[in-house]
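quick one, fold the following:
(one chain, ligands or ions: 4)
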Amino acid sequence: TQLEQALRNAIISDAIDVHFQPIVSLGNNQVVGFEALARWNDPDLGFVSPGVFVPLAEERGFIDALSEALLRKAAEAALSWPRELFLSFNLSSAQLMDPGTSGSILSILGRVGFDPHRLELEITETAVMGSADTAHRIIADLRAAGVRISLDDFGTGQSSLGRLRDFIFDKIKIDRAFVSRINSDRASEHIIKAILSMCEGLELEVVAEGIEDYAEAVKLRTLGCGMGQGYHFGRPADGIATLRFLHENY
Ligand code: G
Ligand code: G
Ligand code: MN
Ligand code: NA
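Ligands and ions are numbered 1, 2, ... in the order given. Below you'll find the model as predicted:
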């Protein structure tokens, strides 16, 4: 198809960019890291969402090439940040079925000179279930090298609390579906409270995603949520705007 051909060309010509969205400590509003988010502005097709082209890349077998280029760009950009903030990078489910993934990630970090302790990988619960043995091996190898693992979109889809008993995660990211209703819907508040209490017991760090206003940030801080992310703190921005943001704000 036209989209597939355009994606293939974009990967070959290294035209897919990476943007960064701040993750802050809710206690003091300090930026502690950034999530890398792929952005593709095609001359003919315009902006194509990663929600569209990442699944297409997985389906067509381009995901390794795409993800390697994005991780390299993201880690290179992170080396120029003024402080040792963490970099959070999304892994797709196909990558967790490929035993070569851990070696490939660590070799990119080595080549770029990026400390694995500064990298976090975001994965979803469904991705771990796809090919459980391979996924667990990849995660164990990465964690042994110092990489941290976060469970993305927590609370949605096929979440099973049982997965948390495997102790393969360092952090969970509460899906914005709960966060956006925290001040209007008592049920969402109770669910978030329960997640925070459970994560405290399991010694998991927590990020609330999709914080869009001050009232949500205040509520989450009051409930004891450690970190937040969302348009209230900053939208995803390119590497240069991210550097400017860091120099102006922190
Ligand atoms: O950035 P937001 O605009 O629309 O992202 C849409 C979806 O694409 C999200 O689920 C996000 O996790 C995913 N995504 C964004 N960038 C990447 C990436 O570099 N790799 C993978 N695997 N997924 C990404
Ligand atoms: O699936 P994942 O959580 O990786 O995707 C992150 C997605 O959330 C990206 O598409 C990003 O652009 C989007 N996002 C980040 N902050 C906000 C926010 O405050 N509100 C909304 N609606 N989307 C957000
Ligand atoms: Mn994510
Ligand atoms: Na998420």
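
can you tell me the closest non-neighbouring residue to whichever residue of the chain sits closest to ligand 2?
Ligand 2 sits closest to residue 230 of the chain, with a gap of 3.2 Å, by CB to the nearest ligand atom. Backbone N, C-alpha and C define where each C-beta goes, glycine included. Counting by CB to CB, 6 or more residues apart in numbering, residue 211 is the residue found nearest to residue 230 once chain neighbours are left out, at 3.4 Å.

please apply the same query to residue 168.
Here the residue nearest residue 168, using CB to CB, 6+ apart, is residue 139, at 5.0 Å.

what's the burial count for residue 104?
15 (other CB atoms under 10 Å).

my read: it touches residue 68, true?
Yes: Residue 104 is in contact with residue 68 according to CB atoms under 8 Å; the separation is 6.3 Å.

send the alpha carbons of the helix or strand bottoming out on mean pLDDT in the chain over as CSV?
Within the chain, no helix or strand scores below helix 125-130, which has a mean of 78 by mean pLDDT, DSSP states H and E. Coordinates of the C-alpha atoms in helix 125-130 are reproduced here as CSV (Å, rounded to 0.1, in the frame of the first residue of the first chain):
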residue,chain,number,x,y,z
GLU,A,125,0.7,-6.1,29.9
THR,A,126,-0.6,-7.7,26.7
ALA,A,127,2.9,-7.5,25.3
VAL,A,128,4.3,-9.6,28.2
MET,A,129,1.5,-12.2,27.8
GLY,A,130,2.2,-12.7,24.0
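
run through who's touching that helix.
91-93, 96-97, 135-136, 139, 151, 153-154, 157-160, 163, 168 (CB atoms under 8 Å, 6 or more residues apart in numbering).

likewise stretch 67-82?
Contacts to stretch 67-82, defined as CB under 8 Å, 6+ apart, come from residues 11, 14, 16-18, 20, 34, 36, 38, 85, 87, 89, 91-92, 95, 104-105, 108-109, 111-114, 118-119, 239, 242-243, 246-247.

is ligand 2 contacted by that stretch?
No: Stretch 67-82 is not in contact with ligand 2 by CB under 6 Å from any ligand atom; minimum separation 13.0 Å.

what is the neighbour count of residue 38?
The burial count assigned to residue 38 is 23, neighbours taken as other CB under 10 Å.

that one: what's it in contact with?
So residue 38 contacts 16, 17, 18, 19, 50, 53, 54, 66, 70 (CB under 8 Å, 6+ apart).

bridging across strands, which residues link to it?
Here residue 38 sits in beta bridges with residue 18, going by DSSP bridges.

can you list the residues of the protein near ligand 3?
Proximity of the chain to ligand 3, by CB under 5 Å from the ion, involves residues 90, 122, 152.

make it 6 Å
With CB under 6 Å from the ion as the criterion, the chain comes near ligand 3 at residues 35, 90, 122, 152.

in strands, which of the residues you listed fall?
35, 90, 122, 152 (DSSP state E).

what subset of those is also close to ligand 1?
Answer for these near ligand 1 (CB under 6 Å from any ligand atom): residue 90.
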